[in-house]
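>>> Predicted coordinates and the sequence they were generated for:
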Amino acid sequence: MEAQGALNQLWEDSNFNQPERNRAEQGGFLVPNGYNDGFTFQRLQPSQIIDTTPCKLEFTASSDLPRGTIYVHTHPYTNGEQQDYCETPIPVGYENEVGVDDRPALVQMNLNKGLIIDADKIILYTAEGNSTNGYATYNRCGY
């Protein structure tokens, strides 16, 4: 499947197997296609990316993404791994979770669903919700 290969490449390009300082969140969009009720992956282009770190992906996105588009991005960490480069006063342990900026990003793009790929899980989340609801985690299936 084309989208699956693209998501695998997205994960590989986040440099998960590198030292933390060399990792970078990656992202794009699963856009509904009209011919088979599936999705086509559109990766963020370098010209859209403002900044990317192991814990942040800042970019400009089209304001006219089709209804049903899902924002996809990586968190290049494994559950419990210490995060030293995340602009926090002290290092924190990563948990398979929706980041504090992930839901506001969906709202800003007028999208309802997002998908996070980390080393252990795939996290499907919605624009509405908090740390205890509005998301589901799934074991990785090849990404």
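In hand now; what should we look at?
>>> So which residues of the chain form strands?
27-32, 39-43, 49-53, 56-59, 70-74, 82-83, 92-93, 113-117, 121-130, 133-139 (DSSP state E).
>>> For Gln4, find the nearest of those strands.
Ranking the strands of the chain by proximity to Gln4 (CB to CB) places strand 39-43 first, at 8.8 Å. In short, each C-beta sits where N, CA and C put it, glycine included.
>>> What residues of that closest one count as buried?
39, 41-43 (16 or more other CB atoms under 10 Å).
>>> Just the C-alphas of stretch 110-122, formatted as PDB.
Extracted in PDB, the C-alpha atoms of stretch 110-122 (Å, rounded to 0.1, in the frame of the first residue of the first chain):
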ATOM      1  CA  ASN A 110      -9.500  22.900  11.000                       C
ATOM      2  CA  LEU A 111      -9.000  19.100  11.200                       C
ATOM      3  CA  ASN A 112     -10.700  16.700  13.600                       C
ATOM      4  CA  LYS A 113      -8.200  13.800  13.700                       C
ATOM      5  CA  GLY A 114      -4.500  13.300  14.100                       C
ATOM      6  CA  LEU A 115      -2.200  10.300  14.100                       C
ATOM      7  CA  ILE A 116       1.100  10.000  16.000                       C
ATOM      8  CA  ILE A 117       3.700   7.400  15.300                       C
ATOM      9  CA  ASP A 118       6.200   6.600  18.100                       C
ATOM     10  CA  ALA A 119       8.500   3.700  18.600                       C
ATOM     11  CA  ASP A 120       5.800   1.600  20.400                       C
ATOM     12  CA  LYS A 121       2.400   2.800  19.400                       C
ATOM     13  CA  ILE A 122       0.200   4.500  16.900                       C
END
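>>> what comes up buried for it?
111-112, 114-122.
>>> mind checking how far that stretch is from the chain centre?
Relative to the centre of its chain, stretch 110-122 is centred 5 Å away, using CA atoms, centre = their mean, to the nearest Å.
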